[in-house]
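Trainee: What shape does this take:
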Amino acid sequence: MKILKLYFTIIMLCMGKVVFPQVTPTFKGHEQFQLSFNKAIQYPSQLIHRVIPTITMMKVKFDETGTVDSILFSDSAFPQFVEEVNKKKNEIEFHYLLEDIPEASQQDMWILIPIRFDSFIGSKKSEVLTFDMDNLYLFSGKHLKGKFFLYPMIYSVRGQGFPTPIIRSTTENTLKVSKPGQ
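Mentor: Down below sits the predicted model:
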């Protein structure tokens with residue numbers, strides 16, 4: 001009888017659901033891409049002085065040769081921020097995106113990159129408004145369509161009297177202060 005119970009228990013365990021852990025992709029180029037982005041982009045002084053954050057989605061598309069074909073921003077991006085990125089886009093090392101997502105140049109695919117820049121003056125810190133969140137996924141008033149890949153967030157804090165960016169590592173959940181010249 002004991003053998004029958006053991007046999008029945010083993011069969012029940014084998015018939016149960018098999019669960020596999022989800023594999024989280026690693027983005028080896030994310031940290032370098034984030035550093036190049038933060039090094040190239042000077043957060044607009046108009047936004048720092050008014051203690052305004054930017055939370056937006058940047059859509060990047062590559063052509064077949066691996067060259068950036070198009071960069072678009074969601075409706076939550078301030079025009080000053082979009083202008084700064086467009087001015088400095090040649091200084092941003094987009095090739096790290098292709099190292100992490102090589103199929104992006106071979107398929108008709110957008111890479112979506114969440115970007116958040118916070119600002120402060122003294123103890124006054126910026127706050128994200130509901131309006132910004134409502135427009136985060138709208139591009140020219142329309143929702144996202146097509147094939148896209150969501151890349152990890154770029155995060156930076158800029159403030160008056162603190163010219164070097166603080167960069168949060170999304171993989172280690174730590175803060176790093178970049179030194180000039182790095």
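
Trainee: can we go C-alpha only for contacts and neighbour counts from here?
Mentor: Noted.

Trainee: so how far is residue 97 from residue 139?
Mentor: Distance of residue 139 to residue 97, computed by C-alpha to C-alpha, to the nearest Å: 21 Å.

Trainee: can you pull out the strands in the chain?
Mentor: 54-62, 68-73, 110-121, 124-125, 138-139, 142-143, 148-150, 154-159, 162-169, 174-177 (DSSP state E).

Trainee: what about residue 139 and residue 97, which has more around it?
Mentor: More crowded of residue 139 and residue 97, by other C-alpha atoms under 10 Å: residue 97, with 22 against 18.

Trainee: give the contact list for that one.
Mentor: 29, 30, 33 (C-alpha atoms under 8 Å, 6 or more residues apart in numbering).

Trainee: now the most centrally placed residue in the chain, nearest residue through space, not along the chain?
Mentor: Per C-alpha atoms, centre = their mean, the C-alpha nearest to the average position across the chain is that of residue 153, at 2.2 Å. With C-alpha to C-alpha, 6 or more residues apart in numbering as the criterion, residue 153 has its nearest non-adjacent residue at 4.7 Å, and that residue is residue 114.

Trainee: Dig out what that neighbour forms beta bridges with.
Mentor: residue 57 (DSSP bridges).

Trainee: Let me know whether it touches residue 149 as I believe.
Mentor: No. Residue 114 sits out of contact with residue 149 when judged by C-alpha atoms under 8 Å, with a separation of 11.2 Å.

Trainee: quick one: which of these two has more around it?
Mentor: residue 114 (20 against 14).

Trainee: mind checking pLDDT for that one?
Mentor: The model reports residue 114 with a pLDDT of 96.

Trainee: so what's it up against?
Mentor: 55, 56, 57, 58, 151, 152, 153, 154.

Trainee: just curious, which of those is nearest to residue 132?
Mentor: residue 55 (6.8 Å; C-alpha to C-alpha).

Trainee: Quick check: nearest residue in space to that closest one, chain neighbours excluded?
Mentor: Using C-alpha to C-alpha, 6+ apart, the closest residue to residue 55 is residue 116 (4.4 Å).

Trainee: The one you found reaches residue 158, doesn't it?
Mentor: No. The criterion here is C-alpha under 8 Å, and residue 116 misses it with residue 158 at 10.8 Å.

Trainee: Compare the two (neighbour count), which wins?
Mentor: Counted by other C-alpha under 10 Å, residue 116 and residue 158 do not tie: residue 158 has more neighbours, with 24 against 18.

Trainee: My guess is that one contacts residue 48. True?
Mentor: Yes. Taking C-alpha under 8 Å as the definition, residue 158 is a contact partner of residue 48 at 7.1 Å.

Trainee: Name the residues contacting each of the two.
Mentor: 119, 120.
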